[in-house]
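Q: Below is the structure, and that's it, no one-letter string:
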């Protein structure tokens with residue numbers, strides 16, 4: 001009560017000084033009044049504020065409120081009393097001081113601002129909430145933190161609005177309104193909320209910046225095969241910042257006006273293809289490629305498929321998994337490619353049966369040279385064994401081989417009937433060198449007595465065998481790469497040309513025929529241009545092939561007439577009644593021969609010997625059409641045989657030897 005009493009005494013002294021001032025305006029009294037007013041200005045509010053900050057009891061607070069109400073009432077009355085009476089006295093000073101302050105018992109968002117000037121109130125509010133304004137929110141995720149500034153989150157206090165509201169209490173309106181404000185302040189106090197303005201778009205923008213740093217797309221597991229080995233990279237989960245869910249939480253935290261720590265809300269994103277989705281395929285391929293696969297034939301030959309080759313059979317595909325939205329990798333084997341590899345082995349392994357050489361006797365045939373069974377890879381059974389090996393991770397496969405018996409042995413040589421001549425082909429070798437005639441005769445012997453089963457494909461190169469001395473062939477000089485040199489089998493194309501003509505006129509299906517590089521006139525003696533067939537038995541050679549499509553066996557016989565220099569090939573069998581039409585050759589693209597002659601040095605001829613071996617020939621293209629009709633008039637074959645002959649210069653041989 002002592003502090004309250006002292007304040008009351010001060011107030012009594014003040015009242016007394018006012019009375020004295022009204023009674024007499026003596027200089028001493030005015031001086032005393034000025035001291036009292038100065039004391040009031042300097043100490044009254046400080047003492048009141050100090051008392052307020054002390055933990056006063058309820059009765060003390062009520063007494064203090066009454067005192068403040070009286071003081072402010074005095075200030076209010078000062079505006080309505082005689083101006084002359086207050087303008088020069090303590091009332092005016094008191095009124096001015098009270099007018100500059102917020103009424104007592106006023107709080108802005110819990111901050112006491114009663115008795116403070118607006119500037120002091122503003123400082124008090126900012127001081128109270130400075131920790132919040134420095135770090136309003138701390139976002140946290142896995143040890144990383146982000147502390148945005150208020151302007152980055154787009155929020156601000158309306159402090160001035162709240163202070164204006166607080167100051168307006170007891171200072172604005174009519175007298176009774178102001179007194180009412182004072183009364184309510186005394187009775188209940190005023191709690192003024194501090195309005196917080198928030199821009200959600202700024203919060204979203206800030207969270208989006210964080211999202212750029214923390215978000216990750218899910219990464220699918222990857223599996224691939226390279227260099228005969230399987231490789232993979234594991235899947236990785238992604239994460240997404242839930243911005244829409246975070247914004248309301250941020251706003252709620254800001255409304256507390258206290259620094260808050262918020263864990264970022266993220267959603268884990270699962271990859272469509274996880275590690276489980278590739279595990280089974282990876283394990284299968286990894287095991288499959290651990291070692292090569294060896295394939296062995298009955299004759300001991302082996303083929304080995306390395307892990308790199310095995311990897312070429314593997315096909316990886318992606319398909320829906322068991323769980324919704326999930327994918328998985330499956331490993332399968334390219335069956336078509338495996339069969340192609342087995343076909344390549346079959347090409348190496350297969351040996352066609354060699355039919356016996358026969359001699360016609362009336363309508364039957366007699367064996368003059370035994371044939372030989374062939375062998376053939378059973379590709380279907382081999383494929384099944386290989387697939388089983390892949391399933392069971394076996395490393396060795398025995399290839400099943402089937403014996404291919406000859407047609408003569410399966411049907412019986414005595415059952416073969418040859419009823420007549422089907423067709424024949426002829427060619428002239430007039431003017432040929434002796435070595436060439438010898439090779440024609442050797443080639444003719446290799447073609448004589450060949451039995452061609454129905455449906456079989458005849459190959460000239462397979463039946464002619466080795467073109468060397470063992471089969472009666474000899475060497476002859478030919479111009480090769482600009483010089484003369486010995487070559488085996490010169491003239492053998494005379495035989496292949498004659499065989500081609502026999503098949504041509506028999507109306508058989510021609511499956512391979514190759515023209516000569518240059519035009520050879522002796523092939524045009526008995527047939528028009530374009531009726532030749534070149535062969536070459538060496539590496540990357542070319543062949544003459546046709547199919548016996550008559551449905552009956554055929555026998556080929558040959559004849560070499562050295563007197564008339566004509567070779568004939570006969571095809572005997574069952575006459576078909578086919579009509580073979582040879583259309584006139586169509587010649588085009590004619591090119592003049594080179595004007596400059598070609599000289600070839602021959603060390604086997606004496607120096608000074610000079611002779612011409614070839615005459616200049618123009619180049620041209622030839623299209624020769626053949627139409628084969630069945631007895632009923634239907635077309636069986638309609639072929640066009642194309643030949644392109646290069647231009648050839650005059651060629652002279654000069655002796656450089658002896």
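A: Good, I have the coordinates. Note that the structure is a prediction, hence the values are computed from the model and not measured.

Q: make it CA atoms for all contacts and neighbour counts henceforth
A: OK.

Q: Mind jotting down where the strands sit in the stretch 501-650 of the chain?
A: Ranges of strands in the stretch 501-650 of the chain, per DSSP state E, counting those that start in this stretch, are 509-512, 545-547, 554-561, 566-573, 579-582, 586-591, 598-606, 610-614, 619-629, 635-645.

Q: got the angle between the fourth one and strand 554-561?
A: Computed by axes from the mean of the first three to the mean of the last three C-alpha atoms, to 10 degrees, the angle separating strand 566-573 from strand 554-561 equals 160 degrees.

Q: now for strand 566-573, which elements pack on it?
A: Using 3 or more C-alpha pairs under 8 Å, 6 or more residues apart in numbering; DSSP states H and E, the elements in contact with strand 566-573 are strand 420-428, helix 492-506, strand 554-561.

Q: any idea how far it is from the chain center?
A: Computed by C-alpha atoms, centre = their mean, to the nearest Å, the chain-centroid distance of strand 566-573 equals 62 Å.

Q: hang on, the earlier thing: please identify the most buried of the helices and strands packed on strand 566-573.
A: Most buried of those by mean neighbour count (mean count of other C-alpha atoms under 10 Å) is helix 492-506; its value is a mean of 25.

Q: what's the average pLDDT for that helix?
A: If you average the pLDDT over helix 492-506, you get 97.

Q: Indicate which one of the helices and strands packed on strand 566-573 is closest to residue 337.
A: helix 492-506 (36.1 Å; C-alpha to C-alpha).

Q: Next, the angle strand 566-573 makes with that closest one.
A: Using the same axes, to 10 degrees, helix 492-506 lies at 40 degrees relative to strand 566-573.

Q: Helix 492-506 vs strand 420-428, what angle?
A: Using the same axes, to 10 degrees, helix 492-506 lies at 140 degrees relative to strand 420-428.

Q: so what secondary structure elements neighbour helix 492-506?
A: Packing partners of helix 492-506 (3+ C-alpha pairs under 8 Å, 6+ apart): strand 420-428, helix 434-447, strand 509-512, strand 566-573.

Q: Need those in CSV (columns: mean pLDDT and distance to residue 521).
A: As requested, those are exported to CSV (pLDDT from 0 to 100; distance: least, C-alpha to C-alpha, whole Å):
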stretch, mean pLDDT, distance to residue 521
strand 420-428, 97, 10
helix 434-447, 95, 16
strand 509-512, 97, 22
strand 566-573, 98, 14
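
Q: could you dump those to CSV with distance to residue 181?
A: Shown next, in CSV, are the helices and strands packed on helix 492-506 (distance: least, C-alpha to C-alpha, whole Å):
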stretch, distance to residue 181
strand 420-428, 136
helix 434-447, 135
strand 509-512, 119
strand 566-573, 136
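
Q: right, and these - which one's nearest residue 330?
A: strand 509-512 (43.2 Å).

Q: Neighbouring strands - and their directions - for the closest one?
A: strand 545-547 (antiparallel) (DSSP bridges).

Q: mind listing what's buried in the strand it pairs with?
A: When neighbours are counted by 16 or more other C-alpha atoms under 10 Å, the buried residues of strand 545-547 are found to be 545-547.

Q: need the helices for the stretch 301-450 of the chain, in chain order.
A: For the stretch 301-450 of the chain, the helices defined by DSSP state H, counting those that start in this stretch occupy 307-313, 335-349, 379-392, 407-411, 434-447.

Q: just those helices: most buried one?
A: Buried most deeply of those, by mean count of other C-alpha under 10 Å, is helix 434-447, with a mean of 22.

Q: returning to what we had before: got the buried residues of strand 545-547 as a markdown table, with distance to residue 497 columns?
A: Supplementary listing: these in a markdown table, determined by distance: C-alpha to C-alpha, whole Å:
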| residue | distance to residue 497 |
| --- | --- |
| 545 | 12 |
| 546 | 13 |
| 547 | 16 |
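
Q: would TSV of the residues you listed with pLDDT and distance to residue 460 be doable?
A: Shown next, in TSV, are the buried residues of strand 545-547 (pLDDT from 0 to 100; distance: C-alpha to C-alpha, whole Å):
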residue	pLDDT	distance to residue 460
545	97	6
546	98	9
547	98	12
